[in-house]
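> Below are the sequence and a predicted model for it; my questions follow.
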Amino acid sequence: MITQEQFDSEVKSIIANAIREDVGDGDHSSLACIPENARGKAKILVKDKGIIGGVNFAKKVFAYVDKNLKLDVRIEDGSEVTYGDVVMYVEGPSQSILKAERTVLNSMQRMSAIATKTRMFVDLVEGTKTQILDTRKTTPGIRVLEKWAVKIGGGENHRFALYDMIMLKDNHIDFAGGITKAIDMSKEYLQATGKNLQIMVEARDLTEVEEILNNQGVYRILLDNFDYEDTRRAVELIGDKCLTESSGNINETTIRHYAECGVNYISCGALTHSVHNMDLSLKAIK
């Protein structure tokens with residue numbers, strides 16, 4: 001995964017770009033009817049149920065917009081919420097509250113939805129050794145927020161991007177001319193560049209699992225679209241030679257069965273690409 005410094009830099013860029021996109025040369029609705037020196041108070045209200053996410057991100061947004069805004073957080077990231085709960089109060093310049101409103105709500109709604117779905121999947125594999133992973137199937141431009149939300153929900157992050165792991169999938173293998181050739185070329189590349197990256201290889205069947213195992217230096221094998229029986233056989237074949245990950249059309253009905261096959265990880269794109277935003281609103285307090 002990326003460093004904390006990279007993470008912080010990504011978050012700052014997202015905030016700056018979101019405010020640029022939403023505010024432009026000014027919030028003219030607020031500028032037109034709210035005095036510059038007016039002060040107000042508002043609350044972020046839950047109109048749904050699930051796991052709240054994005055509270056700490058909201059703090060950063062409010063601080064970016066106006067450091068004079070004061071927050072009173074009542075519910076922290078990762079907590080269960082239900083209809084009528086107040087996540088936080090924000091107080092200060094009214095224009096600033098409204099300038100930050102949409103960026104805060106959009107982000108928290110999305111992050112809460114992802115955290116909620118992740119928690120559901122984590123609960124479904126409770127008692128097994130399997131950890132739930134996200135993927136790169138994220139919304140362009142806000143990946144760090146969506147992966148942050150997965151962590152809030154109790155999942156773990158897969159690689160962040162193309163640059164922090166060598167992941168040899170079916171197309172890499174086919175373009176390279178085969179599994180062994182792709183692995184050998186990857187090792188040569190790492191040696192030539194001096195990069196310290198883990199190598200992960202996708203297997204499409206048990207024969208490919210065996211070929212991967214004949215090569216040294218593979219960190220994890222991705223069992224892509226395996227059925228339960230072949231997953232169990234693959235886990236037995238692999239043993240402790242490297243880590244295992246299941247992926248491919250895994251949902252709330254099948255996830256427990258795959259976990260019980262003994263894989264270390266299950267990755268699921270649906271954590272980030274198929275969620276319904278939690279309903280949140282910001283309401284002024286008179």
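Thanks, I have it.
> Tell me where the stretch 1-150 of the chain has helices.
For the stretch 1-150 of the chain, applying DSSP state H, counting those that start in this stretch gives helices covering 4-23, 28-33, 55-65, 94-124, 143-152.
> the inter-axis angle of the longest one versus helix 55-65?
With axes from the mean of the first three to the mean of the last three CA atoms, to 10 degrees defining the directions, helix 94-124 sits at 160 degrees from helix 55-65.
> model confidence over helix 94-124, on average?
Average pLDDT, helix 94-124: 98.
> Buried residues, it. List them.
Using 16 or more other CB atoms under 10 Å as the test for burial, helix 94-124 gives 94-122, 124. For glycine as for every other residue, the C-beta is placed from the backbone atoms N, C-alpha and C.
> if we can go back for a sec, now the helices of the stretch 1-150 of the chain in CSV, with distance to Asn277?
Below are the helices of the stretch 1-150 of the chain laid out as CSV (distance: least, CB to CB, whole Å):
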stretch, distance to Asn277
helix 4-23, 16
helix 28-33, 23
helix 55-65, 15
helix 94-124, 4
helix 143-152, 11
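> His158 is nearest to which of the ones you listed?
Closest approach to His158 among the helices of the stretch 1-150 of the chain (CB to CB): helix 143-152, 8.3 Å.
> Please name every helix or strand in contact with that closest one.
Here helix 143-152 touches helix 4-23, helix 94-124, helix 270-273, going by 3 or more CB pairs under 8 Å, 6 or more residues apart in numbering; DSSP states H and E.
> So for Ser186, which of these sits nearest?
Here helix 4-23 is closest among these (CB to CB), at 22.9 Å.
> Measure how far the closest one is from the centre of its chain, please.
16 Å (CA atoms, centre = their mean, to the nearest Å).
> Could you report the distance from the most centrally placed residue in the chain to Val263?
Centroid check for the chain by CA atoms, centre = their mean gives Lys147 as the closest residue, at 1.8 Å. Distance of Lys147 to Val263, computed by CB to CB, to the nearest Å: 21 Å.
> same deal with Ile15?
Applying CB to CB to Ile15 and Val263 gives a distance of 37 Å.
> Settle it for me: which of the two has more neighbours?
Per other CB atoms under 10 Å, whichever of Ile15 and Val263 has more neighbours is Val263, with 28 against 20.
> To what extent is Tyr189 buried, counted in neighbours?
Neighbours around Tyr189, by other CB under 10 Å: 12.
> Is it in a helix, a strand, or coil?
Going by DSSP: H, G, I helix; E, B strand; the rest coil, the secondary structure assigned to Tyr189 is helix.
> Distance check, it against Ile183.
Tyr189 is 11 Å from Ile183, by CB to CB.
> same check, this time on Ile75
When Ile75 is compared with Ile183 (using CB to CB), they lie 47 Å apart.
> for Lys147, same thing?
From Lys147 to Ile183 the distance is 27 Å (CB to CB).
> Likewise for Ser13?
Ser13 is 35 Å from Ile183, by CB to CB.
> How about Leu71?
In terms of CB to CB, Leu71 sits 50 Å off from Ile183.
> try Gln198
Applying CB to CB to Gln198 and Ile183 gives a distance of 12 Å.
> So which of those two has more stuff around it?
Ile183 (23 against 16).
> Off-centre distance for stretch 191-198?
26 Å.
> List the contacts of that stretch.
Asp164, Met165, Ile166, Tyr189, Leu190, Tyr219, Arg220 (CB atoms under 8 Å, 6 or more residues apart in numbering).
> Find the pair from these with maximum spatial separation.
Farthest pair in these, by CB to CB: Tyr189 and Arg220, 18.0 Å.
> Excluding chain neighbours, give the residue nearest to Gly78 in space.
Ile152 (5.0 Å; CB to CB, 6 or more residues apart in numbering).
> Quick one: the strands in the stretch 151-286 of the chain, in order.
166-168, 199-203, 220-224, 243-247, 265-267, 280-285 (DSSP state E, counting those that start in this stretch).
> Which neighbouring elements make contact with the first one?
Translated: strand 166-168. By 3+ CB pairs under 8 Å, 6+ apart, strand 166-168 packs against helix 179-193, strand 199-203.
> got a list of what the nearest residue to Phe57 once chain neighbours are set aside touches?
Leaving aside its chain neighbours, Phe57 sits nearest to Ser107 (5.6 Å; criterion: CB to CB, 6+ apart). For Ser107, the contact set (CB under 8 Å, 6+ apart) comprises Ala18, Gly54, Phe57, Ala58, Val61, Ile142, Leu145.
> quick one, what contacts the third one?
Going back to what we said before, that points to Phe57. Val11, Ser107, Met108, Met111, Leu145, Trp148.
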